[in-house]
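A.B. asks: Let's see this in three dimensions:
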Amino acid sequence: MSRPLVVAALALIVAGCAAREASPAPMPTDPDEQAALRGQRIAAVTCASCHAIAAADASPMPQATPFREIVHRYPLDRLEEAFAEGLVTGHPAMPPFVFRASEIDDLIAYLETVRDEP
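C.D. replies: As a prediction, the model looks like this:
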C-alpha cells in the first residue's frame, strides 16, 4: 500500500473515532425530561463543587446540605422563590447566585427528580 493511501486511511479512522466520542447523548423528547436534564447541568456547574446533587453522593463541603435532603426540608415552590429572590444560606462560603427564570424552572425540574429518587 502506498504511503499517501495509508495516511488517508489512518486519517479516516481517526476522524471516525473522534466523531463517535464527540457525539453527545440524545436529548430526551419529553419537555419535562429536557428541563430536568438542563437543570442537572446547571446544578453540576453551579452547585456540585459544594453540594451533593445526586441521590447518593456526599457533599464535597460538609456544611453544604445534599440536594436530596434540601428537597425534603423545603417545598419546591419555596426553593423556586428563593432562587428568584437570591439564596440565603446556612453556610458562609456559598456565593450569591442569580438565576434567570428559565434556569430556575430547569433547576426545579431537576430537584423534582432528586425528590422522587428512593
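A.B. asks: Show me the shaky parts of this structure.
C.D. replies: Counting by pLDDT under 70, the chain contains low-confidence residues at 1-25, 27, 88-91, 117-118.
A.B. asks: can you give me the strands for it?
C.D. replies: In chain order, the chain shows no strands, with DSSP state E as the criterion.
A.B. asks: What are the boundaries of the helices in it?
C.D. replies: Secondary structure of the chain, counting by DSSP state H: helices at 3-22, 31-46, 67-73, 76-85, 101-116.
A.B. asks: For the third one, buried residues please.
C.D. replies: Translated: helix 67-73. Judged by neighbour count using 16 or more other C-beta atoms under 10 Å, the buried positions of helix 67-73 are 67-68, 70-71. Using the backbone N, CA and C atoms, a C-beta is placed for each residue, glycine as well.
A.B. asks: Between these, which sits nearest His51?
C.D. replies: For the buried residues of helix 67-73, the residue nearest His51 by C-beta to C-beta is Phe67; the value is 5.9 Å.
A.B. asks: on that earlier part again, quick check: which of the helices of the chain is nearest to Ala56?
C.D. replies: Comparing the helices of the chain against Ala56 with C-beta to C-beta, the closest turns out to be helix 67-73 (7.9 Å).
A.B. asks: list the helices and strands the closest one packs on?
C.D. replies: Contacts defined by 3 or more C-beta pairs under 8 Å, 6 or more residues apart in numbering; DSSP states H and E place helix 67-73 against helix 101-116.
A.B. asks: Tell me which residues are up against the helix it packs on.
C.D. replies: The list of residues contacting helix 101-116 from outside it, by C-beta atoms under 8 Å, 6 or more residues apart in numbering, reads 32, 35-40, 42-43, 53-55, 67-68, 70-72, 76, 79-80, 83-84, 99.
A.B. asks: The same query, at a cut-off of 10 Å, please.
C.D. replies: 31-44, 46-47, 52-55, 66-72, 74, 76-77, 79-84, 97, 99-100 (C-beta atoms under 10 Å, 6 or more residues apart in numbering).
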